[in-house]
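**Student:** Whatever this is, show me its structure:
(one chain, ligands or ions: 2)
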Amino acid sequence: MDASNDVILRVDHLSAFYGGIRAVDDISFYVKRGEIVAMLGANGAGKSTLLKCLSGEHKPSAGEIIFDGQPLPAHCHQIVERGISIVPEGRQIFYKLTVLENLKIGCCQRKDKAGIRKDLEMVFDLFPRLEERKNQLGALLSGGEQQMLAVARGLMARPKMLMLDEPSLGLAPIIVNQIMENLKSIAEGGTTILLVEQNAIKALDLCDRAYILNVGRIVMDDIGKKLLANEKLLHAYLG
Ligand SMILES: Nc1ncnc2c1ncn2[C@@H]1O[C@H](COP(=O)(O)OP(=O)(O)O)[C@@H](O)[C@H]1O
Ligand SMILES: [Mg+2]
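**Tutor:** Numbers count the residues shown, from 1 in each chain. Ligands and ions are numbered 1, 2, ... in the order given. Here you go, the predicted structure:
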């Protein structure tokens, strides 16, 4: 596997359990700087568990994770400091806080006030709807706006790599397209993206490379567009 500096994330032989259930089974993969990599698989494939291992929320039982040239620290806040943010499954924004307050939570570990102000401008440029609604409560946002807020909150930590867990889930196709376009802009801005999705078609269309997960194991990987052309594979693993 490529150990050079252009690999930002290298995962080697990672396994993770819940009691006796092996959710992630000896997974190895890499992500290069600036890439959009998709991790695709049906419900229960182990996608969320994999991201939880990378965000410090779940402790792997075996394997090695090297991020930006060093082993991944153990705790969530250290991982955020090292440059990984997660946009969790189901958005998990705070309904009783305003848009602005939700965004401030995303940068609560930062002290560089000028940088924070700049990043706030950056996320409002990316998501003008959020600026319009910055003083509204999270609960009053539409599903699409909540997803935008979750992505924006992730960006407020100024990550080197942004990980997203099924950002398209439950959203109308037109909103999904918009979110995918947003992810493209984020990657063009230099942030690496690791995208977990069940929506294989959209993710393959967007990503540079993809891995297919089946019952905790990587069963295939290739350039996104090549996998997109392989209908049999898509039906076999992704339904
Ligand atoms: N908190 C949990 N406790 C026990 N088993 C879990 C838990 N979370 C997930 N699992 C199991 O781990 C496997 C992988 O789940 P998950 O990582 O959520 O998959 P995906 O995100 O691809 O749907 C599934 O068999 C699921 O039932
Ligand atoms: Mg999941």
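**Student:** Just the element for the nearest residue to residue 197 once chain neighbours are set aside, please.
**Tutor:** Nearest in space to residue 197, with sequence neighbours left out and distances taken as C-beta to C-beta, 6 or more residues apart in numbering, is residue 203 at 3.9 Å. All C-beta spots, glycine's among them, are computed from the backbone N, C-alpha and C. Assigned by DSSP states H and E, residue 203 falls within helix 200-206.
**Student:** Now do the helices in this protein.
**Tutor:** In the chain, the segments counted as helices under DSSP state H are 47-55, 76-82, 99-106, 113-126, 128-132, 143-155, 173-188, 200-206, 224-228, 231-238.
**Student:** Could you measure from the closest residue to residue 68 other than its chain neighbours over to residue 176?
**Tutor:** Among residues not flanking residue 68 along the chain, residue 8 sits closest, at 5.8 Å (C-beta to C-beta, 6+ apart). Here residue 8 is placed at a distance of 26 Å from residue 176 (C-beta to C-beta, to the nearest Å).
**Student:** which bits of the protein sit near ligand 2?
**Tutor:** Where the chain comes near ligand 2, counting by C-beta under 5 Å from the ion, the residues are 47, 48.
**Student:** low pLDDT regions in the chain?
**Tutor:** Scanning the chain for pLDDT under 70 picks out the ranges 1-4, 239.
**Student:** Around ligand 1, which positions in it sit nearby?
**Tutor:** Applying C-beta under 6 Å from any ligand atom, one finds that the chain approaches ligand 1 through 18, 21, 23, 41, 43, 44, 45, 46, 47, 48, 49.
**Student:** try 5 Å
**Tutor:** Taking C-beta under 5 Å from any ligand atom as the contact definition, the chain meets ligand 1 at 18, 23, 43, 44, 45, 46, 47, 48, 49.
**Student:** Quick check, the second one in contact with residue 216.
**Tutor:** Right, residue 23. Yes. Contact criterion C-beta atoms under 8 Å: residue 23 and residue 216 qualify, at 5.7 Å.
**Student:** and for the two, which residues touch both?
**Tutor:** residue 46 (C-beta atoms under 8 Å, 6 or more residues apart in numbering).
**Student:** tell me the contacts of residue 102?
**Tutor:** 93, 94, 138, 149, 153.
**Student:** nope, residue 97 is what I was after
**Tutor:** Per C-beta under 8 Å, 6+ apart, neighbours of residue 97: 105, 137, 138.
**Student:** what's the burial count for the first one?
**Tutor:** Going back to what we said before, that points to residue 105. Residues contacting residue 105 under the criterion other C-beta atoms under 10 Å number 14.
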